[in-house]
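J.: Test case, fold it:
(one chain, ligands or ions: 1)
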Amino acid sequence: MDKRLLTGTMKINKANHLEIGGIDTVSLVEKYGTPLYVYDVSQIKYKVRTFKKTFQDRNIAAQVAYASKAFSCLAIYQLMAKEELSLDVVSGGELYTAIQANYPSKKIHFHGNNKSDSEIIAALDYDIGCFVVDNFHELKKLNEYTIQRKQKVSILLRVTPGVEAHTHDYITTGQTDSKFGFDLNNGQAQQALQSALEMPYIDTMGLHCHIGSQIFETDGFRLAVDKLLTESKKWQELFGFHLRVLNVGGGFGIRYTAEDEPLPIEDYVNNLIDEVQIVSANVQLPMPEIWIEPGRSLVGDAGITLYQVGSQKVIPDVRNYLAIDGGMTDNIRPALYDAKYTGVLANRMEDKIEETYSIAGKCCESGDMLIWDLPLPKADDKDILAVFSTGAYGYAMASNYNRIPRPPVVFVENGQAFLAIKRESYADLMRLECSLY
Ligand SMILES: *Cc1c(COP(=O)(O)O)cnc(C)c1O
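T.: The predicted model follows:
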């Protein structure tokens with residue numbers, strides 16, 4: 001295996017088992033069963049602190065917000081609140097959970113391209129820190145509600161800058177075809193800004209963009225910064241707009257497999273700071289605060305999933321299928337995005353690699369495959385498969401397809417395990433159901 005996948009506290013212990021947070025994964029499985037999501041808390045803290053420290057070391061006014069759609073639950077909100085991060089939510093449900101976690105409401109930023117009336121009202125009631133306004137419909141509603149309530153709100157305008165970054169390349173598009181944000185190139189962003197500046201209870205602090213996900217380069221971010229700062233200068237001259245906050249979103253890449261080469265967090269942040277400093281100086285604007293929104297890069301590689309190996313189907317000269325006791329219900333990303341993962345037998349870490357298996361889930365879908373062609377020791381049903389980097393968009397996207405209960409989530413740190421989310425039971429599956437007879 002590629003040892004670089006052993007991030008954070010993960011290591012191979014004397015028993016030849018995978019260990020995480022100072023705990024043997026075999027003993028975690030004995031205690032909590034499989035499938036099981038495990039998070040390395042000190043790895044999350046390390047990521048959070050590295051993002052924050054890189055800004056602090058250069059004395060840059062910044063906010064790092066956890067994009068909580070990557071993994072949203074009470075315990076992770078409590079952890080992020082303790083780490084003094086800001087928080088992005090994208091729905092009333094995430095907002096509610098954050099409030100249940102006593103998240104300081106002024107640190108909450110509300111995203112989304114179709115915020116409902118009740119979601120807007122809840123966010124106004126909680127007096128959150130900022131709305132990231134996505135479209136004209138929302139801007140109009142927010143104007144009406146704030147006038148009605150005589151309540152001031154801060155907003156950022158979400159702009160589609162015509163820059164899209166994806167993993168190894170970025171593209172600039174003329175007119176961006178996206179469901180999110182106000183388009184910069186066709187004048188809608190300017191129109192939105194002009195309206196917002198005239199709204200009596202709305203304070204437009206700045207601009208937001210999010211250019212993609214799993215990004216391994218800094219060119220895309222730099223291009224987006226250039227565009228937004230240049231445009232802001234124009235809007236300063238036209239409307240007296242002061243850009244106080246420049247939010248460049250998230251999308252910082254992580255390693256899922258040996259092929260992935262993410263930059264160190266410091267490099268993403270330093271490059272960003274450099275660009276904002278240089279371009280603001282060039283266009284003669286004061287340095288805005290820099291806000292970023294990492295999701296995957298805070299929790300992704302801190303999480304692993306442990307499965308019990310089950311049935312095998314050997315098709316001579318074609319393929320060996322090895323089925324595990326989970327699949328697309330706990331990790332939809334391979335089926336949804338053709339996302340790549342890798343894994344190991346957690347109970348036989350350094351045993352000789354003898355076979356190539358394709359790892360199948362247990363759902364009634366041919367597309368329910370987690371990993372194709374994974375080299376492993378010869379496996380049987382006493383073995384535990386660990387899949388790496390499942391901490392982002394794993395539990396968050398989990399479903400009950402085929403009436404499969406969702407697995408539990410365990411946080412580990414310094415030899416201690418904490419059950420953050422319980423395993424769903426069959427009774428839980430019936431909780432919302434009404435009997436017809
Ligand atoms: C999804 C999203 C993020 C986080 O993206 P990651 O790839 O998880 O870092 C940040 N900001 C916005 C607006 C998003 O939609």
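
J.: Could you check the pLDDT of residue 179?
T.: In this model, residue 179 is scored at 88, pLDDT.

J.: Helix, strand or coil: sort out it for me.
T.: coil (DSSP: H, G, I helix; E, B strand; the rest coil).

J.: what's the neighbour count on it?
T.: The number of residues packed near residue 179 is 9, by other CB atoms under 10 Å. To be clear about C-beta, it is placed using only N, CA and C from the backbone, and glycine gets the same treatment.

J.: what's downstream of the top strand by length along the chain, the next helix or strand?
T.: Determined from DSSP state E, the single longest strand within the chain is strand 303-315. Next along the chain after strand 303-315, taking DSSP states H and E as the criterion, comes strand 319-324.

J.: Which of the residues in that next one are classified as buried?
T.: Neighbour-count burial for strand 319-324, counted by 16 or more other CB atoms under 10 Å, picks out 320, 322-324.

J.: quick one: which of these is nearest the ligand?
T.: Nearest to the ligand out of the buried residues of strand 319-324 is residue 324 (CB to the nearest ligand atom; 25.1 Å).

J.: ok, the closest one to residue 36 distance?
T.: Here residue 324 is placed at a distance of 12 Å from residue 36 (CB to CB, to the nearest Å).

J.: likewise residue 112?
T.: From residue 112 across to residue 36, the span is 31 Å (CB to CB).

J.: where does the stretch 101-250 of the chain come near the ligand, residue by residue?
T.: 111, 210, 213, 249-250 (CB under 6 Å from any ligand atom).

J.: Derive a ChimeraX selection command for the buried subset of those.
T.: In ChimeraX, a selection of the buried entries from these looks like this (16+ other CB under 10 Å):
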select :111,210,213,249,250
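
J.: mind putting the residues of the stretch 101-250 of the chain next to the ligand in CSV, distance to residue 291 included?
T.: Listed next are these as CSV, based on distance: CB to CB, whole Å:
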residue, distance to residue 291
111, 12
210, 11
213, 17
249, 9
250, 10
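
J.: Adding secondary structure, write the residues of the stretch 101-250 of the chain next to the ligand out as CSV.
T.: Formatted as CSV, the entries for those read as follows, by three-state DSSP:
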residue, secondary structure
111, coil
210, coil
213, strand
249, coil
250, coil
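
J.: Of all pairs in the residues of the stretch 101-250 of the chain next to the ligand, which one is the farthest apart?
T.: Maximum pairwise distance among those (CB to CB): 14.2 Å, between 111 and 213.

J.: Show residues contacting stretch 139-155.
T.: 115, 117, 120-121, 124, 127, 129-133, 192, 195-196, 199-205 (CB atoms under 8 Å, 6 or more residues apart in numbering).

J.: let's see 7 Å
T.: By CB atoms under 7 Å, 6 or more residues apart in numbering, the residues outside stretch 139-155 that reach it are 120-121, 124, 129-131, 133, 192, 195-196, 199-205.

J.: Can you select the buried ones among those for me in ChimeraX?
T.: Command for ChimeraX that selects the buried part of the contacts of stretch 139-155, burial taken from 16+ other CB under 10 Å:
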select :120,124,129,130,131,133,192,195,196,199,201,202,204,205
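
J.: In strands, which of the contacts of stretch 139-155 appear?
T.: Using DSSP E, the contacts of stretch 139-155 in strands are 130-131, 133, 202-205.

J.: now the helices: where do they sit in the protein?
T.: Under the criterion DSSP state H, helices of the chain are mapped to 25-32, 41-57, 74-82, 92-100, 117-126, 136-149, 188-198, 219-239, 265-283, 296-299, 333-337, 426-429.

J.: Find me the pLDDT at the residue nearest to residue 196 when sequence neighbours are not counted, would you?
T.: Closest residue to residue 196 apart from its sequence neighbours, by CB to CB, 6 or more residues apart in numbering: residue 204 at 4.6 Å. On the pLDDT scale, residue 204 is placed at 98.

J.: Wait, residue 204 touches residue 197, no?
T.: Yes. Using CB atoms under 7 Å, residue 204 makes contact with residue 197 at a distance of 6.0 Å.

J.: before we move on, back to that, check the offset of the longest strand of the chain from the chain's centre.
T.: The gap between where strand 303-315 is centred and where its chain is centred comes out at 26 Å by CA atoms, centre = their mean, to the nearest Å.
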